[in-house]
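coordinates for the following, if possible.
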Amino acid sequence: MKDKKLTHSLLLIRIPLILAGALLIADTLFVFCISNLNLGVIIPAILGLPLLLLGLFLPGLTQASHYSLFRVLKIVLIAGYALVIAAFGVTSIIISHNAKQTVPRDLDVIIVLGASLHGETPTRILTERLLTATQYLRENPRTVAIVSGGQGSGEGVTEADAMARYLAAHGIPAARCIKEERSGSTRENFLYSYAIVQERFGEDAAIGYVTTGFHIYRAGLVAKKQGIAAYGIAARDNRYVLFNNYLRESVALWLYAGMGAI
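The predicted structure is shown next:
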């Protein structure tokens, strides 16, 4: 009877562990098929694999010869996952709260932050930023766009060049689009673009920046760190990879804060 109760108790623990681990690993595999490989894609599998392995090997770990190891693993996992969930939850609330801002009309400049390309074609995340930028530029005819992004691995042209082509194809005159083609990070997006703003529009220019909703908060902190006051204009998030993007963005915020970059 005692053995049956133990077996039943282990089963109640193993099933959630195996399901949670398998779902997190499946998330990584699914998103990898529809998105570029990045930290947000990998993290669910990193979190899921220990849960899956623990669920599969739990009976062996609970034997008398391994019970001490099981107790240590249990404490470490509970504490570790509780910390990750709490940190991710709080950070996600902050990101979500700051994703939408009230943006004035007729800004002098909007800086469109680059994202990866497929060859010479904007990815979905970049296309959404460009759609948002196009809408703002159409509604505010005196605003000029700085499209910001260099050429990364696997990209046939600079991100700025691909963005400029997109805006031109959607009716934005070339005179209203300035290319910044050196940057390889959010910090450099602002650094190099702001140099253009100062040169062409002066110190008092009203500035906005266009990026994906989940990125608005960190991008704003990066701009502020460089002494740039700018309004965030949020492009639509891809709901299919929103969990992964929030994971990646949370980790990026922690790393940036640790390095003093924000």
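
could you use CA atoms for every contact and neighbour count after this?
OK.

hmm, residue 144 is touching residue 108, no?
Yes - the criterion here is Cα atoms under 8 Å, and residue 144 meets it with residue 108 at 6.2 Å.

of the two, which one has the most company?
residue 144 (22 against 17; other Cα atoms under 10 Å).

number of residues surrounding residue 86?
By other Cα under 10 Å, neighbour count at residue 86 equals 11.

typed the wrong thing, it's residue 119
Residue 119 has 16 nearby residues by other Cα under 10 Å.

tell me the pLDDT of it.
Residue 119 carries a pLDDT value of 92.

bridge partners for it, pull those for me.
For residue 119, the beta-bridge partners are residue 155 (DSSP bridges).

that one: what's it in contact with?
Residue 119 sits next to 154, 155, 156, 157 when contact means Cα atoms under 8 Å, 6 or more residues apart in numbering.

I figured the third one hits residue 120, correct?
Okay, so that is residue 156. Yes - look at residue 156 against residue 120 with Cα under 8 Å: they come within range, at 5.0 Å.

measure residue 205 to residue 112 for me?
Look at residue 205 and residue 112: by Cα to Cα, to the nearest Å, they are 16 Å apart.

quick check on the contacts of residue 119: which are buried?
155, 157 (16 or more other Cα atoms under 10 Å).

identify, from the contacts of residue 119, the entry nearest to residue 190.
residue 157 (20.1 Å; Cα to Cα).

so what does that closest one look like in phi/psi?
Residue 157 adopts backbone torsions of phi -140, psi 180, taken as degrees, to the nearest 10.

also residue 215?
Taking degrees, to the nearest 10 as the convention, residue 215 sits at phi -100, psi -10.

begin at 25 from now on, thanks
Got it, first residue is 25 now, which makes that one residue 239.

just give the closest residue to it, not the sequence neighbours.
The shortest distance from residue 239 to any non-neighbouring residue, by Cα to Cα, 6 or more residues apart in numbering, is to residue 273 (7.0 Å).

correct me, but that neighbour touches residue 237?
No - with contacts counted by Cα under 8 Å, residue 273 stays clear of residue 237, the gap being 10.8 Å.

how about residue 60, secondary structure?
Counting by DSSP: H, G, I helix; E, B strand; the rest coil, the backbone at residue 60 sits in coil.

what about it, how many residues nearby?
Residues lying near residue 60 (other Cα under 10 Å) number 14.

same question, residue 189
By other Cα under 10 Å, 15 other residues sit near residue 189.

where exactly do the helices run in this protein?
26-58, 63-85, 91-121, 148-163, 183-193, 210-225, 240-249, 266-283 (DSSP state H).
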